[in-house]
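Chemist: what's the 3D shape of this:
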Amino acid sequence: MAGQQTAKQAVQQPVAQQQTGANVTTQIKQLVSSDAVKERFTLVLGQKTPQFLASIINTVAGSAKLKKCSANSIMSAAFVAATYDLPIDSNLGFSAIVPYNKSVYNPQTKQWDEIPMAQFQIMYKGFIQLAIRSGYYKRMNYAVVYEDELKSYNPITGEIKFVEDFSKCTLRAQGVEETVAGYYARFELTVGYVHELFMSRQAVDKHARKYSQAYRYDIKEGKKLSNWSKDFQSMALKTVIKQLLSKWGILSVDMQRAIQDDQKVYDEDGKGTYGDNQQDIVEAQDAFEMQESNSNQIGGLDLEEIEE
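Modeler: Below is the predicted model of the structure:
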């Protein structure tokens, strides 16, 4: 596969030439119809390219906020998703193109301007999909845990005990958010190693407040604009899965890249910076020293690491 930086720049070049005179939706339609863009996406998606390019148009057409973002950032975010072969329909739960207001200093007015940009965001099913593709994981589980299902949790040892008879638990059926005790994820490697992680709702909320500027703004202003405010459960599951995999799992090159790429915004030069969230996880080293013959592949496609 062509280098990812080079591909991004190739995708962005036609957009830069069309920034004036046409709205974003029209720019996107013109762009995905160009031979240069089709060729770049075909390098990573093959026969899936027409369907994926159509999904970009549909995603932008269905989002009033994305229509305010630059076509450059939208196409860059879409290309990142394409390199992982993940659909960008957020309803599927694998990845999404998310609008974000980037603060840019204006030297003329000496004020900070809010510039709408699009960023790639991998969702919790996306991390699980990449883990399964790596071939290291035999089984993965995740769940929302309600108060009447959790027997005990030791934050020092990480030991978790659930009730033995779930038939007596009633809170899950009611689905009341206030009765959620926390979020749970577990993996079993093909070599037999098992690890699990539980994060209380309070711990996840603390994490979100620390790393999401948009969530802090929502809390301060009493609004629900961020992904954390609109879908706390999905973001919480993503957090616990991401923490589990990065700290105790085996990370293929693609999984490491996914953690790095999550919520990046790319400028016209192809340089990625983080939008709402800064990186909050340091990738773990492979504790099992397993040889990975195809560690730099997803679905048979060679992938190069992004240059920071």
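Chemist: Tell me which residues are up against stretch 144-157.
Modeler: 159-163, 166, 168-172, 179-184, 198, 200, 233, 236-237 (CB atoms under 8 Å, 6 or more residues apart in numbering). For the C-beta atoms, the positions are set from N, CA and C on the backbone; glycine is no exception.
Chemist: Buried residues, that stretch. List them.
Modeler: V144, V145, Y146, E149, L150, Y153 (16 or more other CB atoms under 10 Å).
Chemist: what's the answer for stretch 212-222, then?
Modeler: Residues S212, Q213, A214, Y215, R216, D218, I219 are the ones in stretch 212-222 that count as buried (16+ other CB under 10 Å).
Chemist: Could you list the residues in contact with it?
Modeler: Identification of contacts with stretch 212-222 by CB under 8 Å, 6+ apart yields Y100, A208, R209, K223, K224, L225, S226, N227, W228, S229, D276, N277.
Chemist: if we look at the helix or strand harbouring L197, which residues are touching it?
Modeler: According to DSSP states H and E, L197 maps onto strand 194-200. Outside strand 194-200, the residues that touch it by CB under 8 Å, 6+ apart are 145, 150, 153, 158, 160, 181-188, 207, 236, 239-240, 243-244, 247-249.
Chemist: In the protein, which residue is most central in space?
Modeler: Taking CA atoms, centre = their mean as the criterion, I122 is the residue nearest the geometric centre of the chain, at 1.6 Å.
Chemist: ok, now which ones touch it?
Modeler: I122 touches Y84, L86, F94, S95, K238, A258, D261, D262, counting by CB under 8 Å, 6+ apart.
Chemist: Settle this for me: the first one is touching V253, isn't it.
Modeler: Right, Y84. No: the criterion here is CB atoms under 8 Å, and Y84 misses it with V253 at 11.7 Å.
Chemist: And those two? Which one has more around it.
Modeler: Y84 (25 against 17; other CB atoms under 10 Å).
Chemist: Alright, I will stop here.
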